[in-house]
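Colleague: everything below, folded, please.
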Amino acid sequence: MNSLLFLVLPLEFKGMGDSTITADVEAVAGDIEAMEIRGAATIADAAAQALRTQAEESEAASAGAFRTEMRAAARHLHDTRPTAVSLPNALRYVLQRMEGATVSELQANIRAAADEFCHRLDRAQEDLGEVGANRLRDGDVVMTHCHSTDALACVEAAVEQGKDLSAIVKETRPRNQGHITAEQLRELGVDVTLIVDSAARRYLDDADHVLVGADSIAADGSVINKIGTSGLAVNARERGVPIMVAAQTIKLHPATMTGHTVEIEMRDEQEVVSDEDRAEIGDIAVENPAFDVTPPRHVDAIVTERGQFPPESIVTLMRELFGQGPTEPWNEE
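Modeller: As a prediction, the model looks like this:
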């Protein structure tokens, strides 16, 4: 499978002008597009709840009209942030369970699917943390990269089990998200050593695990995460340090089951060098990719709320949750 690339593009929000779409769906779509609603889990929860409201308030006269209305509402939501993996995953989960011969049956199934999705989402990080904590032993030292609440959930659960852990935290340039990780680990009572990114290889001999999150996970087990994750994984593999990726199932990217690719997001060069420094240096090009791709051969385990998986078998879970391929039920006739 081709390496997965990741892109976040600014989108121009356009209302569909469809009078059958409820005010709640319109409001949620607007908030997602404006990034008033942000974060993978928050976006997914809001989308599922909006579809539930759409179903409850529907005045469709037939099952066919109801399905058309639900797909229109889902398209309206999807078009606000089509590259945000958790958003289409929420829409798929709900719409793929839209079964029934009557409007009332369809409404009931939509409500049940949305409620089930949101319930699982609400428990996902806690359940994931308990799974990940089982891989950590008393006295272990973990090395982290960037900031991941899923990864921190594993450490928190292990600490609650009475395990004494220490952490080596990479600062993660250019935005220094590692500083957030360091602060939150200290709040958990974990001893923290902060290092510059380029010192990771030196300190891997002191680590028992590399623990990172994921922005997205491809069907072949490739992990798309903050730039620098791939290099850390290569060095960890050479040193024999196991790499654990903590990611809720809303981070799985079902479109990759057929080799779908998107581009890596390139962020503002001013995160890397100021205008003043750039002028002093001279005429240079500046690249600031947000993510990179870690091949599955460098990953030992992917920890989710559904359990831990070897990266090569994550596609089985993906099919169970989202079907056999990158379906877009909001575009079906």
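Colleague: per-residue pLDDT, the nearest residue to residue 299 once chain neighbours are set aside?
Modeller: Nearest non-adjacent residue to residue 299, counting by Cβ to Cβ, 6 or more residues apart in numbering: residue 311, 4.6 Å away. The C-beta positions use only the backbone N, C-alpha and C, and glycine is treated the same way. Per-residue pLDDT puts residue 311 at 97.
Colleague: what's the answer for residue 211, then?
Modeller: 98.
Colleague: ok, the closest residue to it other than its chain neighbours - contacts?
Modeller: The shortest distance from residue 211 to any non-neighbouring residue, by Cβ to Cβ, 6+ apart, is to residue 142 (4.6 Å). By Cβ atoms under 8 Å, 6 or more residues apart in numbering, residue 142 lies in contact with 136, 155, 165, 166, 167, 168, 207, 208, 209, 210, 211.
Colleague: in strands, which of those fall?
Modeller: 166, 167, 168, 209, 210, 211 (DSSP state E).
Colleague: want to try JSON lines for the residues you listed, with distance to residue 81 and neighbour count as columns?
Modeller: Below are these laid out as JSON lines (distance: Cβ to Cβ, whole Å; neighbours: other Cβ atoms under 10 Å):
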{"residue": "166", "distance to residue 81": "38", "neighbour count": "16"}
{"residue": "167", "distance to residue 81": "32", "neighbour count": "24"}
{"residue": "168", "distance to residue 81": "34", "neighbour count": "20"}
{"residue": "209", "distance to residue 81": "33", "neighbour count": "24"}
{"residue": "210", "distance to residue 81": "30", "neighbour count": "29"}
{"residue": "211", "distance to residue 81": "28", "neighbour count": "28"}
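Colleague: of all those, which comes closest to residue 148?
Modeller: Nearest to residue 148 among the ones in strands among the contacts of residue 142, counting by Cβ to Cβ, is residue 211 at 8.3 Å.
Colleague: quick one: the strands in the stretch 201-333 of the chain?
Modeller: Under the criterion DSSP state E, counting those that start in this stretch, strands of the stretch 201-333 of the chain are mapped to 209-212, 216-217, 223-226, 243-246, 291-294, 301-304, 307-309.
Colleague: what pLDDT does the residue nearest the centre of the chain get?
Modeller: When Cα atoms, centre = their mean is applied to the chain, the residue found nearest the centroid is residue 251 (3.5 Å). Model confidence at residue 251, given as pLDDT, is 90.
Colleague: how much space between it and residue 77?
Modeller: 19 Å (Cβ to Cβ, to the nearest Å).
Colleague: please apply the same query to residue 322.
Modeller: For residue 322, the distance to residue 77 - Cβ to Cβ - is 17 Å.
Colleague: kindly indicate which of the contacts of residue 142 lies nearest residue 223.
Modeller: Residue 223 lies nearest to residue 210 out of the contacts of residue 142, by Cβ to Cβ, at 11.5 Å.
Colleague: what about residue 234, how many residues nearby?
Modeller: Neighbours of residue 234 under the rule other Cβ atoms under 10 Å: 16.
Colleague: show me what contacts it?
Modeller: Contacts of residue 234 (Cβ under 8 Å, 6+ apart): residue 298.
Colleague: quick one on the thing from earlier: residue 106: which of the strands of the stretch 201-333 of the chain is closest?
Modeller: That would be strand 301-304 among these, by Cβ to Cβ, at 29.9 Å.
Colleague: note down every partner strand of that closest one and its orientation.
Modeller: Each strand paired with strand 301-304, and its direction, by DSSP bridges: strand 243-246 (parallel), strand 307-309 (antiparallel).
Colleague: hey, which of the ones you listed is tucked in deepest?
Modeller: strand 243-246 (a mean of 26; mean count of other Cβ atoms under 10 Å).
Colleague: please save the CA atoms from that one in CSV.
Modeller: C-alpha atoms of strand 243-246 as CSV (Å, rounded to 0.1, in the frame of the first residue of the first chain):
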residue,chain,number,x,y,z
ILE,A,243,7.0,1.3,20.3
MET,A,244,3.4,1.6,21.5
VAL,A,245,0.9,3.8,19.7
ALA,A,246,-2.1,4.9,21.6
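Colleague: roughly how far is that strand from the heart of the chain?
Modeller: 14 Å (Cα atoms, centre = their mean, to the nearest Å).
Colleague: pull up the gap between residue 122 and residue 85, please.
Modeller: 19 Å.
Colleague: of those two, which one has the most company?
Modeller: Neighbour count, other Cβ under 10 Å: between residue 122 and residue 85, residue 85 has more, with 24 against 12.
Colleague: residues touching the more buried one, list them.
Modeller: Per Cβ under 8 Å, 6+ apart, neighbours of residue 85: 40, 215, 216, 250, 251, 252, 253.
Colleague: closest one of those residues to residue 192?
Modeller: Closest to residue 192, out of all of the contacts of residue 85 and judged by Cβ to Cβ, is residue 215, at 23.4 Å.
Colleague: verify the contact between that closest one and residue 224 for me.
Modeller: Yes. Under the criterion of Cβ atoms under 8 Å, residue 215 makes contact with residue 224 at 5.2 Å.
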